[in-house]
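Peer 1: Pasting the sequence and the predicted coordinates here, then a few questions.
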Amino acid sequence: MDILLIVVNVVVFLGLAPLFEGIIRKLYAKVQSRKGPPIVQPYYDLIKLLGKERLTPGNVAFKLAPMMAFASIVTVIMLVPLGFKVNILTQYADIITVIYVLTLGGVSVLLGALSSRNTYAMVGASREMITMIMVEPVLAMTLIMGALKAKGLAVSTSFFSVGDTGYGWGVALMLVVFLMALQAFVGRQPFDISEAEIEIIEGPFIEYSGPYLALFKYFMMIKQMFYAFLFVTVFMPFLQTGYYLANIGTQLGGILAVVVLISLVGSTNPRLRIEQAVRYYAVLILLSLTAVGLTVYGI
Amino acid sequence: MATIQALTDQLKKKFGNAVTGVENPSATQLFIDFKKEKVREICNEVLAQGGRYLVSVGTDNLAKDGTLGLIHTFAFDKEHYFLSLRTATKESEPIESITPDIPNAGWSEREYMDLLGMKFTNHPKPKKLVTADDWPSDIYPLRKEVPFNIKPLAAENVAYQLDECPEGCSIVPFGPYHPTQHEPAHFALFVDGETIKGSDYRGFMIHRGVEKLAQTQISYNEIPFLAERICGICGSVHAASYSQAVEIAVGHKISRRAEYIRTIMLEIERVHSHLLWLGVAGHLIGFDTVFMQAWRVREPIMWLGERLTGNRKTYGMIVIGGVRRDITPELKQDILNVIGTIEKEMITIKNAIIGDTAIHRRTKDVGYVSTEDTIKWSLVGPVARARNVDIDVRRDMPYAAYDEMKFSVPVVDCNDVWGTVLVRVLETFEAISIIRQALDKMPNDGPILTPFEDAVPAGMHGITAVEAPRGEVTHYVITGEENRPERWRVRAPTYPNLQGVPMMLLNNQLADVPIIIGSIDPCFSCTERMEVVDLRNGGMKVMSQSELEALSRNKR
């Protein structure tokens, strides 16, 4: 039974992440008066890439990076409380672990970029690094706020804190900040700066192709779904119904809503320059710190 | 006010014997011959009198009198005429460069070093421009004795040397193939972090020798179709400009109705081109929704082009002596309907763009060039009008039916990329208004084509400019024997504007490079489809992508 819950986690995330990606693409297309690819296109993309030749510049880090990225995100999704239900792995991790492992995914992207020794990849890596340093605090603050509210670093404590102890001004502020950072978390316009196809040709991923690229793409799809999931679980505890399967259903509904939001914001904004984005992130960090401060005083 | 008379007197007074001849065949044309020693002083005097540098034309007269000719051309916009300063030099003797004073002459002079073997003294950057890196240094392809299809042995160890990279900077290559550029061109960017501290440009990788082809292989009446293929977006302006140059050179008059139809075609082209640019600009700043919507709005005008001329693009409409197809009353109504719809949608687009602060953030203060530098560098078109330089040859040197059109020339003083967006959006509305006026006032009679009665006499010079969507196109024609021009010089608007790009890039961010290069609207073309027509039975078949791929792969 313990194993079954983990299997459900893995199956739901790995199975549905490309679907949400497909929905985003379709919504982009609708906003742009296009027909768009079929919703299942990301599955086809992954399958096709996985079947292609493996080309590498010949160093180990280049091959290792996509696997590390993929492994790290799979680790995270295995221990999160899908369906508002903790599984056996959840107790072995706390929010620090979650933040660490998520960061490892970003670091893997940097590793891959730097090992490819391409000029555009270098530019992309430096942009990716800046984005990580500036956006990660918002994620950390969100989880720390939960920990402070419910007085515990455990994943379940932090994730369910709003449900257990109720909303407050701090939570409301953090909710807004999280939404404002969402596009940066998932690397979409206006914050798709580190990939910026037209400037630096997909940046960190320029040298990647075939199965390695598939792993990175899959990693990013799952990451996107994870951040939507995180938002739904932390800030929308009212979606709990009391039944495990129904909970999964309502959570997926919530994720869908977040995905729609991501598409609408993404398709109606141009890309920012990195230094403009940094100013924006700085404001987000300050606001998230404020939210934590408010929480400390129980506001 | 330097009228033709005043300017001639001034130059004669100041340079005395150095001015050897003056010709003023028509109200818009002034040709002055002078001795080459005074080239720099005379050009400076012309600038001081208010001349605006256009382009230089190099000619090969070696067979005739053993000289290489050089013609510097200028426009006097306020006085409505073109000035061509003609000189010549012996093959072995160098001529002084005017680039130190007129930076935009840099490419023209480099071009004639490559193509004609001219020598210039004091040129600030005497590097290869047009010919390939491995083109032998002693073959000058534009000379008469060199056949058009020559394939010389490649020279060895001749890689292009980039300009020196400033200390502490690293080189980021934009090109030869880069998604920002839709045709091969290489910008080497010298960046410090993400800030651009300099750049070097190596282009002309797909130079097709169009001028050489026209001067050696085809005849007057065929050249408009070749001219149209210079640009995949604004081809009509080249056909119009060439045809006008020949008509002006020999004093041929075409019917008023044909002039009106030319005006309509040129403005239709402007509407489609500006919409296309708007879409590309959106794409370049990562805003694909603008891209898709602008192109959706543009599509009906492509279909309209097909109904008017038989082609979506490369209309094949404008030829020497007039146009090839008439605009019937049904087509007239069709045009009115299409531009009506486009105008409505343009208003929505305009409001969306002008109010979008996110677009402002990416375009304001980007690619700044001061008004003085814009004039100094002879930039043209929306690039200049966005920087408070009020030039537009439709108004200043009226051609076709523009003398009877009422329109304003949008000029803004943002001096940046945002200005070019604004100018192009506003110009689209002006273009729609011009189409309406032209349809309204167009005379109902008159032949659409007035062919030449006699053979074209040799040795006549003609220069003309047409305001293309990207700026003015300048064509210079010298008529020749064998029913083809002796020399035909084309200057597309990207030619001067691209020379200004390094200045626009300086101290901007790497992320702004695409939109800065894009803001001059460099020319590119793409073939969207291919149809195979069976001539025997008239059957038609559109080839699929896989069939085209199979075809191109099998060819290997």
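Peer 2: Now that the structure is in, tell me what you want to look at.
Peer 1: what's near enough to touch the residue nearest to B:Pro522 when sequence neighbours are not counted?
Peer 2: Spatial nearest neighbour of B:Pro522, chain neighbours left out: B:Thr494 (5.1 Å); criterion: Cβ to Cβ, 6 or more residues apart in numbering or on different chains. Yep, even glycine has a C-beta here, placed from its N, CA and C like the rest. By Cβ atoms under 8 Å, 6 or more residues apart in numbering or on different chains, B:Thr494 lies in contact with B:470-471, B:520-523.
Peer 1: For the stretch 351-500 of chain B, just list every one of the strands.
Peer 2: B:461-468, B:471-478, B:487-491 (DSSP state E, counting those that start in this stretch).
Peer 1: returning to what we had before: which one of the contacts of B:Thr494 is nearest to chain A?
Peer 2: Among the contacts of B:Thr494, B:Pro522 lies closest to chain A (Cβ to the nearest Cβ), at 14.2 Å.
Peer 1: count of neighbours near the closest one?
Peer 2: Neighbour count for B:Pro522, taken as other Cβ atoms under 10 Å in any protein chain shown: 21.
Peer 1: now B:Met205
Peer 2: Neighbour tally, B:Met205, other Cβ under 10 Å: 14.
Peer 1: Check A:Pro190 too.
Peer 2: 24.
Peer 1: Just say helix, strand or coil for it.
Peer 2: coil (DSSP: H, G, I helix; E, B strand; the rest coil).
Peer 1: Pretty sure A:Thr268 is one of the things it touches, is it not?
Peer 2: No: A:Pro190 is beyond contact range of A:Thr268, at 9.6 Å (criterion: Cβ atoms under 8 Å).
Peer 1: where does chain A come near chain B, residue by residue?
Peer 2: A:28, A:31-34, A:119-120, A:123, A:189-190, A:192-193, A:196-201, A:267-276 (Cβ under 8 Å from any Cβ of the partner chain).
Peer 1: same thing but 7 Å
Peer 2: A:31-34, A:119, A:123, A:189-190, A:192, A:196-199, A:201, A:267-276 (Cβ under 7 Å from any Cβ of the partner chain).
Peer 1: tell me the centre residue of the chain?
Peer 2: All of this is about chain A. Geometric centre of chain A, nearest residue: A:Lys223, 3.4 Å, by Cα atoms, centre = their mean.
Peer 1: I was thinking of chain B, sorry if that wasn't clear
Peer 2: Note: chain B centre (Cα atoms, centre = their mean) maps to B:Ala492, 1.5 Å.
Peer 1: how about the nearest residue to it, chain neighbours excluded?
Peer 2: Counting by Cβ to Cβ, 6+ apart, the residue nearest B:Ala492 is B:Val473, at 5.8 Å.
Peer 1: who's in contact with that neighbour?
Peer 2: Applying Cβ atoms under 7 Å, 6 or more residues apart in numbering or on different chains to B:Val473 gives the contacts B:237-238, B:241, B:465-466, B:491-493.
Peer 1: got a list of contacts for the strand or helix carrying B:Ser236?
Peer 2: Taking DSSP states H and E as the definition, B:Ser236 sits inside helix B:235-250. The list of residues contacting helix B:235-250 from outside it, by Cβ under 7 Å, 6+ apart, reads B:26, B:29, B:220, B:223-224, B:227-231, B:254, B:262, B:265-266, B:269, B:313-315, B:317-320, B:399, B:456-457, B:460-466, B:468, B:473, B:475-477, B:479, B:490.
Peer 1: Please tell me how far that helix is from the chain's geometric centre.
Peer 2: 13 Å (Cα atoms, centre = their mean, to the nearest Å).
Peer 1: what angle separates that helix from strand B:471-478?
Peer 2: With axes from the mean of the first three to the mean of the last three Cα atoms, to 10 degrees as the basis, helix B:235-250 and strand B:471-478 are set at 40 degrees to each other.
Peer 1: nearest residue to the closest residue to chain B within chain A other than its sequence neighbours?
Peer 2: The nearest approach of chain A to chain B comes at A:Arg271, 2.9 Å away (Cβ to the nearest Cβ). Spatially, and ignoring its direct neighbours in sequence, A:Arg271 is nearest to B:Gly286 (2.9 Å; Cβ to Cβ, 6+ apart).
Peer 1: rewinding a little: how far away is the residue nearest to B:Pro522 from B:Val172?
Peer 2: 22 Å (Cβ to Cβ, to the nearest Å).
Peer 1: Before I go, just wanted to say thanks for your time.
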